[in-house]
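[1] sequence isn't available, so here's the structure alone:
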């Protein structure tokens, strides 16, 4: 039996914990969802990336970083400004696990 066969029938969370990548995977998944939601709102409202950058008080390059689903190194403040630039608000809450 290989090291990963013990996870057969277990949960994805258990497997990710076992290989030490749960937080990284969850972080990237959250960023992908937020990027997608911001991009969809931008398109629905026909806001250009340049206009979005202007509303955020930043560069178009920074907007591209925010909208890049693989770039997880974006601050909460930047995500909040991006959300507000498309008429949304970022909501973060702590929940029991």
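    Looks like it came in fine. Please read these numbers as outputs of a predicted model, since none were measured by experiment.
[2] which one is residue 39 nearest to, not counting chain neighbours?
    residue 67 (5.3 Å; C-beta to C-beta, 6 or more residues apart in numbering). (Glycine included, C-beta is placed from N, CA and C.)
[3] dump the residue contacts of that neighbour.
    35, 38-39, 42, 49, 82 (C-beta atoms under 8 Å, 6 or more residues apart in numbering).
[4] among the residues you listed, who's most crowded?
    Counting neighbours by other C-beta atoms under 10 Å, residue 82 comes out on top of the contacts of residue 67 with 29 neighbours.
[5] low pLDDT regions in this structure?
    Residue ranges of the chain with pLDDT under 70: 1-9, 12, 16-17, 21-25.
[6] now the strands for it?
    In the chain, no strands are found when defined by DSSP state E.
[7] any chance you could map the helices in it?
    12-18, 22-44, 49-56, 60-67, 76-85 (DSSP state H).
[8] ok, residues contacting the last one?
    It stands for helix 76-85. Outside helix 76-85, the residues within contact range by C-beta under 8 Å, 6+ apart are 34, 38, 41-42, 47, 52, 55-58, 62-63, 66-67, 89-90, 92.
[9] next: the second one.
    The contact list for helix 22-44 (C-beta under 8 Å, 6+ apart) reads 13, 16, 49, 52, 66-72, 74, 79, 82-83, 85-88, 90.
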